[in-house]
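**Q** Return a 3D structure for these sequence lines:
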Amino acid sequence: MDRRLTAILAADVVGYSRLMGEDEGGTLQRLKVCRRDLVDPAIDEFHGRIVKLMGDGALVEFASVVDAVQCAVAIQRKMANHDQGVSEADRILFRIGINLGDVIVEGDDIYGDGVNIAARLQGLAEPGGIRISGTAFDQVVHKADVGFLALGEQHLKDIADPVRVYRVLLDPSKAGKVIALSRRTGRRGIIVATLAMLLIATAAIIFAWPWPIAPQRPSIAVLPFGDISDDAAQDYFAEGLTNDLITDLSKISGLLVIARNSAFSFKDTSMNVRQVAEQLNVRYVLQGSVRRKGEAVRINVQLIDGDTGRNVWAERYDRDYTDIFALQDEVIERIVRALAVRLSEGERTQIARLPTRNLEAYDFYTRAEQKVYSIDYTSLGEALSLYEKAIKLDPEFADAHTGYARAIVDVLGFDYQALMLSAVARQRAYEAAGRGLELDPQSPRAYAVLGILQMLDGEIDEAIASVKKAVALDPNGAESELNLAIVLTYAGQNPEALAAMERVLQLDPKPRVQVYDYYGLVLYMNHRYEEAIGALQTVQPEEPSDLGLETLAMANARLGRVAEAHKAVEAILEKSPGQSLASLRVVYSHHRRQQDLDHRLDALRSATFPEWSHDFRGRAEDRLDAHSIRALAIHKTWIGHQHDGVRFFMELDANGDFAWRAHNNIIVGKFTLEDNFFCTRSSSTLLGYIQRAESRAAAFHEQPSTLQHVRHVRQVFREPRRSPTSSVRSF
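**A** Numbers count the residues shown, from 1 in each chain. Sure, this is the predicted structure:
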């Protein structure tokens, strides 16, 4: 039995059986022309060997995986311009899969897992597309004029181990890019029919195989319901109805439900349902419209098959506003019946739960939910106020309490101190999430909020338990999965965090920019630096986040791209001049493993990230001892300005208390002098810069405002060429 490593290309003709059934003679003639004019010349040009033709498929072997990919690309690009005079439904389209693997050789034939993987990849490819394995990608990534979309590890039929899968991006504008996105599973598998010819190389191409590649559960996207009311201000009601339907469907473990962010990216789009289904990779699409006039509500709903564009069912509901919850339950029940999904008793109970009996409170809650997704300062402030009004009207409205807690987490995350001081915000978030759980012990959002707060407090095990509970209660919750990925990253469970992120992108194919920031970080922590850069380049926000820029700096530094790494660092410092490794060491101190924190900071150091703030360079010979620090600092008022010009004051007394005040913030805490270190512990802090006029002394506060009871240790230095008591910098 002979073996060899080879590139295998497998391909099939999409819809071959249908095409043959409709026009056998014409289809065979067009396939013959395709092979003569396009396929065979490409195989010859790139030195491929046709192993066999299988009616509707072909297997081709190549000595070089680069040749295999270039051959596939040449065929698909030429096929895109072929059959232009034929309707889209009747066009001949190929799907191609390529693998680099070990094969068994018997005469002119080859078989084994190397061939089987290529065949499975071909089955995953979209019409006109190419999928390749990780082994093929590793050899071709910088050697072909195409881009790649990373789809993560996937379990292929009859293949023991998961396989890394990549989609080849044929668009010339994507050449050279590696975009890290997960595969959006969930669409109905296409039963591979038959094909006429195709390629295979040492990345062999195998055309159609007789097994269907079926999804585990039906997949659905709920598009934003259109508001056709005379009053444009009623748009929030249509959004609220859409949100509620997504939330209830997401509780059903037998469905795969696309997240709100991705669904709402198609709001006001002219794209047809089949195109939406293709982009979101779902089988079914729910869409509708809402008209509200006074207490009268009319809702039109359609459940559409994304493959055919045909209605599965359609209904019009004319109801009173007081029946809105019963109406939602009725729509959910129709969807469940239409898709033949079985509900557990727990799922039925959760879906049937009445959120509130106070419709005015529900109205405020719905308005808050519309605002909170904007994340900006003004919208978050309005959302908090609306949640508070809903809670005041119905103190037992669990969803309002958990929504309020979730909004406060964003206040903490974006450091909106003027909305709520971080220590106050943290306490209120805990209280609101806890109250939400008292009222609804099965609230996934409450558990997700608790998980993030526990992580920030360093309670990693408790945080993991909380976010896993959230995921269990909300099997389609992209946000719960995202929180799980974040917590697992700080717990040092990086492979598990990556798996969670890939589930996020399956559920939320068009997420907010912040999701890509976290995806990039998770890829970086898994040492997948090229893919981390690709994830961050998927979207190009006008103002990249510090986290995204940090990850770009780290990944480029690890790849030896010093110029690109330094460029990212410069962008961070332009936005936040006070940033330093000293401050980030504290900001990211909730990493459970020191090696993970070092993995970030060491790369940033290589990327020329400053060790200290504001270009300070501390020298060992300039460090002050505890006696000098005490003489300089205690019983004195420090008056100064931050780098952005905000004036503030700091005082320290002999009892070990300190206070810091600016126009919109007050910080209090304890300080100690230990082994010549100036140590503080506070409930919340803000980056600051102080300078005392008469002594020319300066200090920098670099504690994270999102942590409570954080201990910060500073070294204190005299400024070179000045007396020890006339100038000091502390870190």
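
**Q** all helices of the stretch 151-300 of the chain, in order?
**A** 235-250, 260-264, 273-280 (DSSP state H, counting those that start in this stretch).

**Q** buried stuff in stretch 478-497?
**A** 478-494, 497 (16 or more other CB atoms under 10 Å). To be clear about C-beta, it is placed using only N, CA and C from the backbone, and glycine gets the same treatment.

**Q** give me the number of residues near residue 521?
**A** Residues lying near residue 521 (other CB atoms under 10 Å) number 25.

**Q** quick thing: my sequence starts at 25, can you match it?
**A** From this message on, residue numbering opens at 25, which makes the last subject residue 545.

**Q** From the chain's centroid, how far away is the helix or strand hosting it?
**A** In the assignment (DSSP states H and E), residue 545 maps to helix 537-549. Remark: helix 537-549 is offset 7 Å from the chain centroid, using CA atoms, centre = their mean, to the nearest Å.

**Q** related to what we said a few turns ago, for residue 615, find the nearest of the helices of the stretch 175-324 of the chain.
**A** helix 284-288 (27.5 Å; CB to CB).

**Q** average pLDDT across that closest one?
**A** Taken as a whole, helix 284-288 has an average pLDDT of 80.

**Q** ok, back up a step: following the helix holding residue 545, which helix or strand comes up?
**A** helix 553-561.

**Q** Show me what that next one is packed up against.
**A** Helix 553-561 sits against strand 171-178, strand 202-204, helix 537-549, helix 570-582, with contacts defined as 3 or more CB pairs under 8 Å, 6 or more residues apart in numbering; DSSP states H and E.

**Q** Just put the helices of the stretch 175-324 of the chain in CSV and tack on distance to residue 544.
**A** CSV is the format used below for these (distance: least, CB to CB, whole Å):
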stretch, distance to residue 544
helix 259-274, 26
helix 284-288, 17
helix 297-304, 22
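
**Q** Using a markdown table, lay out the ones you listed together with mean neighbour count and distance to residue 151.
**A** Shown next, in a markdown table, are the helices of the stretch 175-324 of the chain (neighbours: other CB atoms under 10 Å; distance: least, CB to CB, whole Å):
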| stretch | mean neighbour count | distance to residue 151 |
| --- | --- | --- |
| helix 259-274 | 22 | 28 |
| helix 284-288 | 21 | 22 |
| helix 297-304 | 19 | 10 |
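
**Q** List the buried residues in the host helix or strand of residue 34.
**A** Under the criterion of DSSP H and E, residue 34 resides in strand 26-37. Going by neighbour count (16+ other CB under 10 Å), the buried part of strand 26-37 is 30-37.

**Q** Format those residues as JSON lines; extra columns: pLDDT and distance to residue 130.
**A** JSON lines is the format used below for those (pLDDT from 0 to 100; distance: CB to CB, whole Å):
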{"residue": "30", "pLDDT": "91", "distance to residue 130": "14"}
{"residue": "31", "pLDDT": "92", "distance to residue 130": "18"}
{"residue": "32", "pLDDT": "94", "distance to residue 130": "15"}
{"residue": "33", "pLDDT": "95", "distance to residue 130": "19"}
{"residue": "34", "pLDDT": "92", "distance to residue 130": "18"}
{"residue": "35", "pLDDT": "90", "distance to residue 130": "22"}
{"residue": "36", "pLDDT": "86", "distance to residue 130": "23"}
{"residue": "37", "pLDDT": "85", "distance to residue 130": "27"}
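
**Q** and residue 608, how many residues sit next to it?
**A** For residue 608, the count of nearby residues is 19 (other CB under 10 Å).

**Q** what's it in contact with, if anything?
**A** 574, 624-625, 628, 633 (CB atoms under 8 Å, 6 or more residues apart in numbering).

**Q** Point to the residue nearest the middle of this structure.
**A** residue 539 (3.2 Å; CA atoms, centre = their mean).

**Q** I figured it hits residue 526, correct?
**A** No. In terms of CB atoms under 8 Å, residue 539 does not count as a neighbour of residue 526; the distance is 11.8 Å.

**Q** residue ranges with poor pLDDT in the stretch 525-674 of the chain?
**A** 564, 638-643, 665-669 (pLDDT under 70).

**Q** can we see that at 80?
**A** The stretch 525-674 of the chain contains residues with pLDDT under 80 at 562-567, 600-602, 610, 636-648, 653, 656-657, 659-670, 674.

**Q** quick one: the strands in it?
**A** 660-665, 671-676 (DSSP state E, counting those that start in this stretch).

**Q** List the buried residues of the following helix or strand past the last one.
**A** Read in the C-terminal direction, the helix or strand following strand 671-676 is strand 681-686, with elements assigned using DSSP H and E. Of the residues in strand 681-686, those buried by neighbour count under the rule 16+ other CB under 10 Å are 682, 684, 686.

**Q** ok, back up a step: which outside residues touch the helix holding residue 545?
**A** In contact with helix 537-549 (CB under 8 Å, 6+ apart) are residues 204, 285, 506, 509-510, 513, 518, 521-522, 525, 528-529, 532, 553, 555-557, 559-560, 562-563, 565, 569, 571-572, 575-576, 578-579, 582, 620, 623.

**Q** among the contacts of residue 608, which ones are buried?
**A** 574, 624-625, 628, 633.

**Q** can these go into TSV with extra columns for distance to residue 303?
**A** Listed next are the buried ones among the contacts of residue 608 as TSV, based on distance: CB to CB, whole Å:
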residue	distance to residue 303
574	30
624	34
625	39
628	36
633	38
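
**Q** quick revisit: could you turn the buried ones of the contacts of helix 537-549 into a PyMOL selection?
**A** Filtering the contacts of helix 537-549 down to the buried ones (16+ other CB under 10 Å) takes a single PyMOL command:
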select buried, resi 204+285+506+509+510+513+518+521+522+525+528+529+532+553+555+556+557+559+560+562+563+569+572+575+576+578+579+582+620+623
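
**Q** so residue 309 bridges to which residues?
**A** residue 245, residue 328 (DSSP bridges).

**Q** So it sits against residue 297, correct?
**A** Yes. In this structure, residue 309 is within contact of residue 297 by CB under 8 Å, at 4.9 Å.

**Q** Please enumerate the strands of the stretch 325-474 of the chain.
**A** So, for the stretch 325-474 of the chain - with DSSP E, counting those that start in this stretch - the strands run 335-344.

**Q** Any stretches of it with poor pLDDT?
**A** 331-338, 347-349, 353, 356, 358-378, 397-400, 437-442, 445-447.

**Q** before we move on, back to that, now flag whichever of the buried ones among the contacts of residue 608 is closest to residue 703.
**A** Sorting the buried ones among the contacts of residue 608 by distance to residue 703 puts residue 625 at the head of the list, at 20.5 Å, by CB to CB.

**Q** Give me the domain ranges for the protein.
**A** Annotated domains of the chain cover 26-204, 243-376, 536-635, 640-754 [automatic domain parsing].

**Q** now for those domains, which one comes closest to residue 453?
**A** domain 640-754 (10.9 Å).

**Q** What separation is there between residue 37 and residue 447?
**A** 64 Å (CB to CB, to the nearest Å).

**Q** hang on, the earlier thing: of all the helices of the stretch 175-324 of the chain, which one comes closest to residue 652?
**A** Proximity to residue 652 (CB to CB) singles out helix 284-288 among the helices of the stretch 175-324 of the chain, at 54.3 Å.

**Q** Check which helices and strands that closest one sits against.
**A** Against helix 284-288 (3+ CB pairs under 8 Å, 6+ apart) you get strand 243-246, helix 259-274.

**Q** The same query, at a cut-off of 7 Å, please.
**A** Judged by 3 or more CB pairs under 7 Å, 6 or more residues apart in numbering; DSSP states H and E, helix 284-288 is in contact with helix 259-274.

**Q** Now the helix it packs on - C-alpha only, PDB.
**A** Extracted in PDB, the C-alpha atoms of helix 259-274 (Å, rounded to 0.1, in the frame of the first residue of the first chain):
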ATOM      1  CA  ASP A 259     -40.800  53.200  15.300                       C
ATOM      2  CA  TYR A 260     -39.600  52.100  18.800                       C
ATOM      3  CA  PHE A 261     -42.700  49.900  19.100                       C
ATOM      4  CA  ALA A 262     -41.900  48.000  15.900                       C
ATOM      5  CA  GLU A 263     -38.300  47.600  17.100                       C
ATOM      6  CA  GLY A 264     -39.600  46.400  20.500                       C
ATOM      7  CA  LEU A 265     -41.800  43.800  18.900                       C
ATOM      8  CA  THR A 266     -38.900  42.500  16.800                       C
ATOM      9  CA  ASN A 267     -36.600  42.400  19.900                       C
ATOM     10  CA  ASP A 268     -39.200  40.400  21.900                       C
ATOM     11  CA  LEU A 269     -39.600  37.900  19.100                       C
ATOM     12  CA  ILE A 270     -35.900  37.400  18.800                       C
ATOM     13  CA  THR A 271     -35.500  37.100  22.600                       C
ATOM     14  CA  ASP A 272     -38.300  34.500  22.800                       C
ATOM     15  CA  LEU A 273     -37.100  32.500  19.800                       C
ATOM     16  CA  SER A 274     -33.500  32.500  21.200                       C
END
